Every structure is written in C-alpha cells, then in structure tokens.
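Colleague: I'll drop the sequence and a predicted model, then ask my questions.
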Amino acid sequence: MGILSSKNAVVTGSTSGIGLAIARAFAAEGANITLNGLSTPEEMEAERRAIETEFGVKCRFSDANMMNGEEVTAMVVEAEQAFGSVDVLVNNAGIQHVSPIESFPDDKWEAIIRINLMAAFYSIKAALPGMKERGWGRIINTSSAHALVASPFKSAYVAAKHGMTGLTKTVALEAATFGVTVNAIAPGYVWTPLVERQIPDTMKARNMTEEQVKHDVLLAAQPTKEFVTVEEVAGVAVFLCSDAAKQMTGTTLSVDGGWTAQ
Ligand code: NAD
C-alpha cells in the first residue's frame, strides 16, 4: 500500500513538467489526483485516464486559471466536493519572463506575481481549514533556487519565489499544531518546457547562442553540470508526505545540484 492511499491531492500546473511528475508520483503512492493547468479537458483526457488505469486511483482535471483568485478557490472547493477532502496541496503552477527591469512588461510582471505567488495564497486559504479539521495535511510549494539567490533579468520571478519562502514559513507556523506541514522545494535548473522556452529570450538578452545559454548561463550555476530531473523533484515531494518528514515544516529544500552552496 502506498503512503498516500486514501488521500486526495491537488497539484497546480500539472499538465506538464514538474507538476505532472509530482502528480504521477503521488498517484503511484495511492492518492487520488486533481490535475490542473492551461490545457483543455479534451487535451488532458488521455493523461487523466492513463493515471487512473496505471495506478488504480481516481483522477480529475481542473482548468482553473491561477491568474484568478476566484478560480483558484473554486478549484479547491470542487476537489473537496469530488473526493471528500484535499489532504495534499502542491502549489506548482509557474511562468517565467526574462527581461531587463527597464523594459520588463508591466502585464508580465503582474502575471508572474499572480501565478507564481498569489495563487498559492488563495489555494492555501481554501484548503487549510479542512486539513486542520482532519488533523493531517501536506502543503508543498514548488519554489526555486531563485527563492534563495537572484539572477539578472528575472526580477518578477525572483521576487515571487522569495515571496514563496515567506509564505511557506508563515503558514507553517500557523498550521504547526494541527498536523499540517508546509514546505517548499527549491529546484535548480530542471529540464522542462519552462526552461526550454526561456532559452530564446536569454539568447537575445545576453547575445548568446543556444549552447552558450545552456552551458554558460543555465548549467554555469549548477556545480554538478547536470539538469535536475522532474522525477528527482517528485521524489522529494513524496518524501515530504511521509511520516519521516512529519517534523519538517517551514523549510525550503534545495534540489539544485549544489547551486546555492556557492
Ligand atoms: P512547465 O511549463 O512544464 O509547467 C508549468 C505548469 O503551470 C503547466 O502545467 C502550465 O499549464 C501551468 N500554468 C502556467 N500558467 C498557468 C495559469 N495561469 N493557470 C494554471 N496553470 C498554469 O514548467 P515547470 O518547469 O514544470 O515549472 C513548474 C514549477 O517549477 C514552476 O513554479 C517553476 O517556477 C518551478 N521551477 C522550475 C524550474 C525548472 O528549471 N524547470 C526550476 C525551479 C523551479
């Protein structure tokens, strides 16, 4: 029996990349899953059904837009109605935009703060009361090495992820006596569509070739010189749900190939 059997999990931003890997790893541990992201139910139907048949759990999809607080709240309420509870909440949805601050588009700055930070406020606000009532809960925020250190041209992302550290600590304190832990995972560079998409902008901002961006910018910061895999991040999320992690709360766990040790 998996460590999450009879538990229900919501993973935001789980149509691809890290979120999808976390959702699949939770399903492998027996959790029913609410997937979320910017896809249509039709586009997600094959993945949804694959999770149900592969792992013998229930899986649903919410297309709630993390830009909009009301949709975030409704996503959590609907997940509770569908499965009876939200025991594990992963705030993972995120976007990036790379630009010098002088020319950083206002709408991109605001969208990054809304999706990467404010959505977690709304989802936690909606899910925490039920977790406290039942005396068990796991809130996991997908943060970033950029929660601990900065890089040029990523002002909105770095601000949102540093904000995530503060939100994680604060809610951990508020939930500490209720059997609810709140932690963040801070990956370095993970090879996902999000990283792939920022290569052209970084090439432009730094006047570099694709290979130079990969080796001199992305992996320059990562002493192992390897991208983190989505499965490695998902493994840490599963660990945070285990009994061994019961006393871990309010932390930001680095999974960054040594980046922030420097
Ligand atoms: P990804 O692009 O593969 O996935 C992003 C997910 O967020 C997708 O499911 C997408 O649909 C969803 N999303 C985006 N905007 C949304 C919105 N408005 N409403 C609902 N869902 C929305 O990227 P990823 O690399 O897997 O990123 C996942 C998280 O990991 C992000 O928070 C990101 O900041 C963080 N992270 C990624 C890396 C990396 O190197 N890839 C490193 C550190 C942290």
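Modeller: It's in.
Colleague: hmm, who's touching the longest helix seen in the chain?
Modeller: Ranked by residue count, the top helix of the chain under DSSP state H comes out as helix 155-175. Applying CB atoms under 8 Å, 6 or more residues apart in numbering, the contact partners of helix 155-175 are 91, 96-97, 101, 104, 108-109, 112-113, 116-117, 120-121, 124, 128, 131-132, 137, 139, 141, 143-144, 146-148, 150-151, 181-184, 186, 249-252. Every C-beta, even on glycine, is put in place using the N, C-alpha and C of the backbone.
Colleague: Intersect these with the contacts of the ligand.
Modeller: 116, 144 (CB under 6 Å from any ligand atom).
Colleague: Just the buried residues from the contacts of helix 155-175, in PyMOL please.
Modeller: Burial among those is assessed by 16 or more other CB atoms under 10 Å; the matching PyMOL selection reads:
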select buried, resi 91+96+97+104+109+112+113+116+117+120+121+124+128+131+132+137+139+141+143+144+146+147+148+181+182+183+184+186+249+250+251+252
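Colleague: who's residue 11 bridged to?
Modeller: Residue 11 forms beta bridges with residue 35, residue 90, as assigned by DSSP bridges.
Colleague: wait, doesn't it sit right on residue 22?
Modeller: Yes: Residue 11 sits in contact with residue 22 when judged by CB atoms under 8 Å, with a separation of 5.4 Å.
Colleague: between the two, what contacts are shared?
Modeller: Residues touching both residue 11 and residue 22 (CB under 8 Å, 6+ apart) are 90, 92.
Colleague: So what's the model's average confidence on the longest helix of the chain?
Modeller: In this model, helix 155-175 has an average pLDDT of 98.
Colleague: Flag every buried residue along it.
Modeller: Here helix 155-175 shows 155-165, 167-169, 171-172, 175 as buried, counting by 16+ other CB under 10 Å.
Colleague: of residue 11 and residue 22, who's got more company?
Modeller: Neighbours were counted for residue 11 and for residue 22 using other CB atoms under 10 Å; residue 11 has more, 32 against 29.
Colleague: if I look at the more buried one, how far off is residue 5?
Modeller: 17 Å (CB to CB, to the nearest Å).
Colleague: Equivalent analysis for residue 39, please.
Modeller: 27 Å.
Colleague: Compare those two (neighbour count), which wins?
Modeller: Per other CB under 10 Å, whichever of residue 39 and residue 5 has more neighbours is residue 39, with 16 against 12.
Colleague: Return the backbone torsion pair for the spatially closest residue to the more buried one that is not a sequence neighbour.
Modeller: Nearest residue to residue 39, sequence neighbours excluded (CB to CB, 6 or more residues apart in numbering): residue 15, at 4.5 Å. Here is the backbone geometry of residue 15 (degrees, to the nearest 10): phi -80, psi -10.
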